[in-house]
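J.: Provide a 3D model corresponding to the input given below.
(one chain, ligands or ions: 1)
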Amino acid sequence: MAVLAYIELDNGSPKKTSLEAVAYASKVAEQFGTEAIAVSGSVSDDLSKLGNYGASKVLQTSLTEISASTIANLLNKVVEITNADTVILPKGITTDLAAALLTVKIDASIGTNAIELPNFDNGFAIKKGVFSGKAFAEVTLTNAKKVVTIKKNAVELQATDSEAIVDTLDFSPETSRITVKEVQKQEGDLLLTDADIVVAGGRGLKSADNWNIVEDLAETLHAATGCSKPVSDMDWRPHHEHVGQTGINVAPNLYVAIGISGAIQHLAGVSSSKTILVINKDAEAAFFKSADYGVIGDAFEVVPKLNEALKNA
Ligand SMILES: Cc1cc2nc3c(=O)[nH]c(=O)nc-3n(C[C@H](O)[C@H](O)[C@H](O)COP(=O)(O)OP(=O)(O)OC[C@H]3O[C@@H](n4cnc5c(N)ncnc54)[C@H](O)[C@@H]3O)c2cc1C
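T.: Reported below is the predicted structural model:
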């Protein structure tokens, strides 16, 4: 019995969403009186620090290709070795698919997009947003083995001084049935999914040439930049910045939406944000209904003034 947490690295360090997967696994392990083991498909000197978030051990290996099927094969192998019954993965495009593949391999129940720790009152129930975040559902996982993907901020991070033991696993995945043709690395220092603040722009910004006001504000706030789907479809911004139902799910402490109407498909990707500030010239824009703060005004006047004020503050 053990609880596994799959972790992803960015420049050799675990991503914040992976630290949350470890913390989540550790809380579940605590409940069942067992240990949390972190599993990494890449090797790094930083992995012992996962002990800070509750992992007793880290199993690292060097996957030549990180794809959903190699991750699923790796986790399947570690489930066998450790006799783990629960596997936690941070939500993501590749990890969501890996979780589904693993679920079939180990005959597990799967709970996706958990937004908080499980409710153990009546078994093992996870809470998730449904209908594009408009409602919540509690899903009870009944199989002996369980796979859970968690959304950002599903658990609060509290670091301790503990260090984890790091072991290297001898693992060669079976031939993958998925061929990775190209890997496009996200530009910039801040990952959209990890950022505490996101400044996003929509079609209201009129053209790619006007993105400087979004970038300037993002720089002042140390924020990542995002955009609505039409903006990336028109190549004003790269596709990895597209936020929403068909793009990236973000859950920052602050989401600043500039010139975005607030269509339900966009809101689906931002509804877990702690605070939402909307800047839109149309007082009737749907986004204002989901906003904590709103400014009705022209983005080209409001955003530079806001940026100036923040710089002076
Ligand atoms: C199956 C499906 C999936 C989809 N998935 C996604 C998704 O993942 N993400 C996503 O974003 N969309 C998605 N969409 C598209 C979505 O329905 C909307 O069309 C899209 O979000 C609108 O983008 P927008 O708000 O940037 O543009 P618009 O709807 O054109 O809104 C522009 C806004 O800017 C405001 N504005 C204009 N000028 C100014 C100014 N000078 N200052 C301030 N405000 C101004 C306007 O008042 C308006 O509210 C999806 C659609 C479908 C059908």
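J.: okay, CA-based contacts and neighbour counts for the rest of this
T.: Fine.
J.: what residues does the stretch 201-313 of the chain put near the ligand?
T.: Neighbours of the ligand within the stretch 201-313 of the chain, by C-alpha under 6 Å from any ligand atom: 202-204, 228-230, 243-247, 259-263, 265-266, 279-282, 285, 297-300.
J.: Can you flag the buried ones in these?
T.: Buried by 16 or more other C-alpha atoms under 10 Å: 202-204, 228-229, 243-245, 247, 259-262, 265-266, 279-281, 285, 298-299, out of these.
J.: ok so, going back, the residues of the stretch 201-313 of the chain next to the ligand in strands, which ones?
T.: When DSSP state E defines the strands, the subset of these inside them is 279-280.
J.: got the CA coordinates for the particular helix or strand that has residue 139 in it in CSV?
T.: Element membership for residue 139, per DSSP states H and E: strand 135-140. These are the backbone C-alpha positions of strand 135-140, laid out as CSV (Å, rounded to 0.1, in the frame of the first residue of the first chain):
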residue,chain,number,x,y,z
ALA,A,135,-21.8,23.3,-10.7
PHE,A,136,-20.0,20.7,-8.5
ALA,A,137,-20.2,17.0,-8.5
GLU,A,138,-19.0,14.5,-5.9
VAL,A,139,-17.8,11.3,-7.5
THR,A,140,-17.2,8.2,-5.3
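J.: Check which helices and strands it is in contact with.
T.: Applying 3 or more C-alpha pairs under 8 Å, 6 or more residues apart in numbering; DSSP states H and E, one finds that strand 135-140 contacts strand 125-130.
J.: in the stretch 201-313 of the chain, what spans have low per-residue confidence?
T.: The model of the stretch 201-313 of the chain has no residue with pLDDT under 70.
J.: Would you map the helices across it?
T.: All helices of the stretch 201-313 of the chain, identified by DSSP state H, counting those that start in this stretch, fall at 212-221, 229-233, 264-267, 299-312.
J.: now those helices as CSV including distance to residue 4?
T.: As requested, the helices of the stretch 201-313 of the chain are exported to CSV (distance: least, C-alpha to C-alpha, whole Å):
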stretch, distance to residue 4
helix 212-221, 35
helix 229-233, 35
helix 264-267, 31
helix 299-312, 43
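J.: Let me know which of the ones you listed is tucked in deepest.
T.: helix 264-267 (a mean of 20; mean count of other C-alpha atoms under 10 Å).
J.: contacting residues around it?
T.: Helix 264-267 is contacted by residues 132-133, 228-229, 243-246, 287 when judged by C-alpha atoms under 8 Å, 6 or more residues apart in numbering.
J.: Mind doing that once more with 7 Å?
T.: Helix 264-267 has contacts (C-alpha atoms under 7 Å, 6 or more residues apart in numbering) with 228, 243-245.
J.: May I see the residues you listed organised as CSV, with distance to residue 217 added?
T.: Formatted as CSV, the contacts of helix 264-267 follow (distance: C-alpha to C-alpha, whole Å):
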residue, distance to residue 217
228, 17
243, 18
244, 21
245, 25
